[in-house]
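>>> with the sequence up front, the predicted model follows.
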Amino acid sequence: MKISFYSSTNEVLSEIGNRIKAARIAMPATQKELAELTNLSQRTISNLETGKDVSFSTVIDVLRALGQLQSLDIMIPEQGTRPSDIAALGKRR
């Protein structure tokens, strides 16, 4: 599934879970092994992979263990400061 603006939150969570599960299997690792690598419970890994709402720090820990943490750079790229942004700071509205 392609994640789009129109995807519901549950659809996005489910797709992220599917992608993380695929990355884990490609690693290859079991849920138990990934849980041990991340110091999380196997239940938490299962919840993430089945699209249940987990904390963002959990996602970060799992992405790090899967060697995919750099994916966040793609997902949320660093924003450079534009000259127009600097100019707008000096003006009162």
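Now that the structure is in, tell me what you want to look at. This structure is a prediction, so every number in the text was calculated from the model and none was measured.
>>> I'd say residue 27 and residue 62 touch.
No - with contact taken as C-beta atoms under 8 Å, residue 27 and residue 62 are classed as non-touching, separated by 11.1 Å. No exception for glycine: its C-beta is placed from N, CA and C like everyone else's.
>>> now do stretch 30-41: everything it contacts.
24, 27, 29, 42, 44-46, 49, 58, 61-62, 64-66 (C-beta atoms under 8 Å, 6 or more residues apart in numbering).
>>> make a ChimeraX selection of the buried ones in those.
Entered in ChimeraX, the line below selects the buried ones among these, by 16 or more other C-beta atoms under 10 Å:
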select :24,29,44,45,49,61,62,65,66
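>>> make CSV out of the contacts of stretch 30-41 and add secondary structure and distance to residue 7.
CSV is the format used below for those (DSSP: H, G, I helix; E, B strand; the rest coil; distance: C-beta to C-beta, whole Å):
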residue, secondary structure, distance to residue 7
24, helix, 22
27, coil, 26
29, coil, 27
42, helix, 28
44, helix, 23
45, helix, 23
46, helix, 22
49, helix, 18
58, helix, 21
61, helix, 24
62, helix, 21
64, helix, 25
65, helix, 26
66, coil, 22
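>>> now flag whichever of the contacts of stretch 30-41 is closest to residue 89.
The shortest approach to residue 89 among the contacts of stretch 30-41 belongs to residue 64, at 35.3 Å (C-beta to C-beta).
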